[in-house]
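Novice: Provided below are the primary sequence and the corresponding predicted coordinates.
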Amino acid sequence: MLNEGDKAPDIRLANDAGEPFKLSDLKGKRVVLYFYPKADTPGCTTESCEFRDDVKAFAKKGAVVVGISPDKPAAQARFKQKYELPFTLLADEEKAAAKTYGVWKEKNMYGKKVMGIERSTFVIGPDGKIEKIYGKVKAKGHAAEVLAAL
């Protein structure tokens, strides 16, 4: 389990264009890394569009927004294009990053226990350490909550 103050584990995944991405390449920048369950579903769309709408305000505070879900790069690309999301989306198809960050959890869906992403956000400082962790996030209003805390 990760805690605030811990060094953020590096992430090496394909981005929405299918190109390699390394979280460590963003060292020196503040990163808002948000995990969401599935591209182009209601809650994930709400959350992603709110980050989109506030992306300039995040940039003014020196923060880069990065979204991550278990979707394939092509699904991430469609989601990004459909909603004009101006930030990188990562494809965590093997759930490796989700497991490393502790957000791949057992959930209750309609009375059945299933494994899935627990909507969570990590604010990573320019030094690569986790500054803030938001767990069990409610999609609506979350981007504004993170922005206000920066």
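Specialist: Done, it's in.
Novice: which secondary element of this structure has the worst mean pLDDT?
Specialist: Ranking every helix and strand in the chain by mean pLDDT, DSSP states H and E puts strand 104-109 at the bottom, with a mean of 84.
Novice: how about the nearest residue to the most centrally placed residue in the chain, chain neighbours excluded?
Specialist: For the chain, the residue nearest the mean C-alpha position is residue 34 (2.0 Å; CA atoms, centre = their mean). Residue nearest to residue 34 in three dimensions, not counting chain neighbours: residue 121, with 4.3 Å by CB to CB, 6 or more residues apart in numbering. Just so you know, the C-beta spots here come from the backbone N, C-alpha and C atoms, and that holds for glycine as well.
Novice: Let me know how buried residue 33 is, in neighbour terms.
Specialist: Close neighbours of residue 33, defined as other CB atoms under 10 Å, add up to 22.
Novice: Just the CA atoms of the helix or strand the residue nearest to residue 34 falls within, as PDB, please.
Specialist: Using DSSP states H and E, residue 121 falls within strand 120-124. This file holds the C-alpha atoms of strand 120-124, laid out as PDB (Å, rounded to 0.1, in the frame of the first residue of the first chain):
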ATOM      1  CA  SER A 120      -8.300   7.000  -7.300                       C
ATOM      2  CA  THR A 121      -6.000   9.900  -7.900                       C
ATOM      3  CA  PHE A 122      -2.400  10.400  -6.900                       C
ATOM      4  CA  VAL A 123      -0.700  13.900  -6.900                       C
ATOM      5  CA  ILE A 124       3.000  13.300  -7.500                       C
END
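Novice: and the longest helix seen in the chain, how far from the chain's centre?
Specialist: Taking DSSP state H as the criterion, the chain has its longest helix at helix 42-53. How far helix 42-53 lies from its chain's middle: 11 Å, per CA atoms, centre = their mean, to the nearest Å.
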